[in-house]
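Peer 1: need a 3D model of the sequence below.
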Amino acid sequence: MTHTQVGIVFNPSKIERSALETAWADADDQAPATWFETTPDDPGQGPARDALAAGCDLVIVAGGDGTVRAVAEVLAGTGVALGIVPRGTGNLLARNLGVPLTGPKAALKRIAEAEPRPIDVGWIEADGAERQAFVVMVGIGLDAHMLAETDDDLKSKAGWLAYVEALGRALAASEVIDLTIGIDGGQAQDVKAHTVLVGNCGALQGGVTLLPDAAPDDGVLDVLAISSEGVVQWADTLRSMVWENGILRLFARDKKATSTDTVEHAQAREVRVELPEPRAFEIDGEEAGEVRAFTATIEAGALLVRA
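Peer 2: Okay, the predicted model is just below:
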């Protein structure tokens, strides 16, 4: 590494410091490290600020998606690089950046070898709440309901399979509603959907890609609205995702995502969504309460990552 001072922000509920210290001791060309621990009340913003105050020019975060998002929110725009040791259930940003998921040693090796690269950061403002960053995706509907329905104890034991167990209840809660979506300050359009996702990255667990045009460094947000109901419409949606926006794109990578009667794709730098009533909301794979309206914007190249 070419860094002079490294801060390591770790979530003790995801990895023990001793295990991380052992992996760090084996890292090549290691720089001096200062350790910062998250707490249930502070998932990462405070430790990240402490790392900046300590003069760290690389901050490595070891934890799940919530910890990664919290640290990225503080590092955005600072020029201080972020390294990721994925230790969560989803590890969504790590997956999209190709970070090894096999353990701390492999992730630290990737951090040591990789050149810093800029990626975009999304910002979300919802119902007057404090502005928050996101690096993967936000939204309402099926995925948000699934997160709300997932049993935390089962998640800790079964990992991402716990989400599958919650999927049936999430489908039942995801009814099509009338909402509006405004793109880049334009006139809001009436849309019927049960799921709306706004993303900076598109890949989820299990190789599923919901936003096939999304790239973490393209300077735009990708928008997905789904209105599928019943077996026939869900079959159409799956065909669109798996075939038209999946397999066919392997042979034509410049092909844009295809919209259908039940799946609509768009790109924008600003997205405004307004709902008729509060709905479950998620930020980077984490349950985030309910919202009735939210605005998402993109800040291009705001975060340096070593991945």
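Peer 1: who's in contact with Thr201?
Peer 2: Residue 201: Cys, not Thr. 92-93, 96, 135-137, 211, 214-216 (CB atoms under 8 Å, 6 or more residues apart in numbering). C-betas here are computed from N, CA, C, even on glycine.
Peer 1: between the residues you listed, which sits nearest Val223?
Peer 2: Leu211 (8.3 Å; CB to CB).
Peer 1: return the residues in contact with Ala307.
Peer 2: Ala307 neighbours (CB under 8 Å, 6+ apart): 83-84, 94, 97-99, 110-111, 114, 117.
Peer 1: give me that answer again for 6 Å
Peer 2: By CB atoms under 6 Å, 6 or more residues apart in numbering, the contact set of Ala307 is 97, 99, 114.
Peer 1: give the bridge partners for Glu264, please.
Peer 2: Ala225 (DSSP bridges).
Peer 1: and the gap between it and Asp222?
Peer 2: 11 Å (CB to CB, to the nearest Å).
Peer 1: which of those two has more residues huddled nearby?
Peer 2: More crowded of Glu264 and Asp222, by other CB atoms under 10 Å: Asp222, with 25 against 17.
Peer 1: tell me the helices and strands packed up against the longest strand that the chain contains.
Peer 2: Using DSSP state E, we find that the single longest strand of the chain is strand 286-306. Applying 3 or more CB pairs under 6 Å, 6 or more residues apart in numbering; DSSP states H and E, one finds that strand 286-306 contacts strand 81-86, strand 116-126, strand 270-283.
Peer 1: to Asp178, which of those lies closest?
Peer 2: The nearest among the helices and strands packed on strand 286-306, by CB to CB, is strand 270-283 at 6.1 Å.
Peer 1: show me what counts as buried in that closest one.
Peer 2: 270-273, 275, 279-283 (16 or more other CB atoms under 10 Å).
Peer 1: ditto for stretch 298-307
Peer 2: 298-299, 302-307.
Peer 1: which two among those are spaced furthest apart?
Peer 2: Ile298 and Arg306 (21.5 Å).
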